[in-house]
Each structure stands twice: as C-alpha cells, then as structure tokens.
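**Student:** give me coordinates for this.
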Amino acid sequence: MSDQVKTIPDAVLVGRLRREFLLPARSEPYLNQPGGNLSYAATSYLLWGGKPGLVSRVNKSFPSEWLEQFEGEGADLAGIRQANEPIDDRFFVTYTTELHPKYENPISWFAEKQLPFPQELLSYSPTIPNYCSKSEYRPDSIRVTDLPQSYLDASSAHICPIDFISHKILPSLLKGGMVSTLTMRACNCYMDPIFWEEIRALITDVTAFMMTDTQALKLFQGRSVDLWEIASILAGYGPEYILINAKDGTLMVYSHFKRKRWVIPAYPGKPADPTGMLDAFDAGFLAGYRKDYDVIQAALCGMVSASFCVEGSGPFYLLECLPGLKEARLKVLSQQVMEA
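**Tutor:** Take a look at the predicted model:
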C-alpha cells in the first residue's frame, strides 16, 4: 500500500471496499467476505486482462489478506489508504425471490432463513446514505492526497459511487493528469432535485456517466419522465455518453456526438445474486472502451461482466468463468443490439 513503487496502472478505479454479508435468494450465504463496489469493479476489469490501480480508504483492521488477494490477481494497491477515523465497512443485503434487495433488519432475515446470526453484525445499521453533504467529508470520502502521483499517469479511470464530495473533486484531479477516458457511476444521494444546480459541473469532465433509470427519473422529477430526453440533456453538460441501466437489466446508450441511441438487453442467464452487478458492468465497459473506443463494444463487455457477476456471490466469482465464455456471450449479445 506504499507509493514507493511507481507502478502506472492502465486504469485507476476509485471506490469503496466493504465487509459483505449477503443472503442471496438463489445461492449460498456470503458472510464477512470481501466486497464493496471497488471490489466488483476491480475483478471485472481484471477479467478483461486489465491492470487496475485501486483507490479507497479502509479501516486499519481491514483484512490484509483480502487486499493481497486483489494484488495476487494483478491489481496495484498503492492507492489504498488507512483512514484515521473509524469506518463502518459492514454491508448487509438480502433478496426476495424476485431479487429485490432488502437492507434493513438483518436479525429477522437470518432468523427467517434459520441461519445463525453473525457476531460481526451486532449493532449494525444500514450505511446507505440518503443524503450527500455538499461540503463535509466522510471518513471514507476520497481526499486529493489519496491518489498516488504515479496513478495520474494512467490513461483511464472509473469512479464508483462514493459521495458528492469525492465525485466533485476526482474528475478534475484525474483529468488534470494523463487520464483521457473517465467514467463515473452516479450516487443515489445526489441524484435528487436538490442537487440540480450542481450536476452540470459534476459531470462536465466525464467521458461516460452511468446511472439507473430510477436515479435519472428522480433527478429530473418535475422536469421530464422521458429517459432519452434526460440522457440528451445530461450529455449536453459534457459527457460523450450517457448510460442508463433499467430495472429489467436492459441498457440504454446515448451518444452525444453521434446523436444516436441504442438498446441492449440483459444476457439471458440465471441470476442468483445481483450484488455488484452495476460496478462489474462499469469496469467491463471501461476495459472494452479502452481497446478501440467503440461505445457499443464497450457496452457489450460491460453487459458480459454483469452477466457473470449475477450468477454467483462475491467479487472473485467473476474470475471463475470458463475460457471462451466471455467471447461466446459477446457474440450472443452483439446480435441483439438495437438502434432506438
């Protein structure tokens, strides 16, 4: 975790590392294991042969063996910083049979499934913020000094959902270096009408801005319910591409420069656990885009990463796919791309 080794990754991935406690509807429990959006982005990027540099803030007690696991797979850890303030890095989610997430009352969910309650979850309360501060740093907010100098020489970067402050400072910091391709996934807490005036400056330096249909509609509440119109307006603020992930797994892609729209359906697999799916998509998109700057090929890579992610639990499940399976799924999905 030292900046002494001046490794230049081919992409910088910024996000959160967590201890995950998952109770999937269609797979085995995944308890007190490595997780967080950065974990899924990292393994998705590694899946496509990339060499990511990871940036996050963790507790001093965050298991070093988990970090070593990422390092063993080819990730660089020079951007992992230990926070001086304690961070509650626990994350719990369970899913109904329809794969709807439930974050509250872990004790009752463990009881319903007749599972012993993990001691590590005692006194846990959900840490999903409903509100972003426009000025105050959280213990896990990224600081300007968290990025190793060598990371600024990378050519591309992705910012996972963190908080408003982190998303406000990171794009200009990364683009101030050698980063030419920058992607960012929206945070729930600022996709809200009260942040309307801040959104333009937030995304102006971003190559591709990712969001869900729910986030898009909430931000534009009272302004528009047309997702393509929303994509067009946001693209006008600076991003080359707006990517909207719908509840049914469908992806909407809007190109600002070409004024073109595409729709890509989800891969027809057997989803078991959607945790980390969007983060896997994002890093797969970046890995694909870096190859030849083709947005559709990039989107297909992202959809393939997402398809692997939902079939099992935990970030390292993505690296268990059989040889040739990525290419096979790319071929299937490439035949289903539709212009809208």
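**Student:** ok, V332 - contacts?
**Tutor:** If a contact means C-beta atoms under 8 Å, 6 or more residues apart in numbering, then V332 has Y267 as its contacts. C-beta here means a position set from N, CA and C on the backbone, and glycine is covered the same way.
**Student:** name the SS class of it, please.
**Tutor:** Of the three states, V332 takes helix under DSSP: H, G, I helix; E, B strand; the rest coil.
**Student:** quick check: which ranges of the stretch 101-250 of the chain have low pLDDT?
**Tutor:** Applying pLDDT under 70 to the stretch 101-250 of the chain flags residues 127-130.
**Student:** now the helices for the stretch 101-250 of the chain?
**Tutor:** Applying DSSP state H, counting those that start in this stretch to the stretch 101-250 of the chain gives helices spanning 106-112, 164-175, 196-203, 213-219, 227-235.
**Student:** which among these is found nearest to F21?
**Tutor:** helix 106-112 (7.0 Å; C-beta to C-beta).
**Student:** contact partners of that closest one?
**Tutor:** So helix 106-112 is contacted by 21, 23, 92, 94, 102, 116-118, 121, 124 (C-beta under 8 Å, 6+ apart).
**Student:** can you convert the residues you listed into TSV and add a column each for neighbour count and distance to R143?
**Tutor:** Below are these laid out as TSV (neighbours: other C-beta atoms under 10 Å; distance: C-beta to C-beta, whole Å):
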residue	neighbour count	distance to R143
F21	24	28
L23	22	34
F92	24	27
T94	22	33
K102	15	33
P116	8	39
F117	14	36
P118	17	32
L121	16	29
Y124	15	26
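**Student:** need the helices of the stretch 101-250 of the chain in a markdown table (columns: distance to V55 and mean neighbour count).
**Tutor:** A markdown table is the format used below for the helices of the stretch 101-250 of the chain (distance: least, C-beta to C-beta, whole Å; neighbours: other C-beta atoms under 10 Å):
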| stretch | distance to V55 | mean neighbour count |
| --- | --- | --- |
| helix 106-112 | 29 | 15 |
| helix 164-175 | 9 | 20 |
| helix 196-203 | 18 | 16 |
| helix 213-219 | 23 | 18 |
| helix 227-235 | 25 | 19 |
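**Student:** to G50, which of those lies closest?
**Tutor:** Evaluated with C-beta to C-beta, the helices of the stretch 101-250 of the chain place helix 164-175 nearest to G50, the distance being 16.5 Å.
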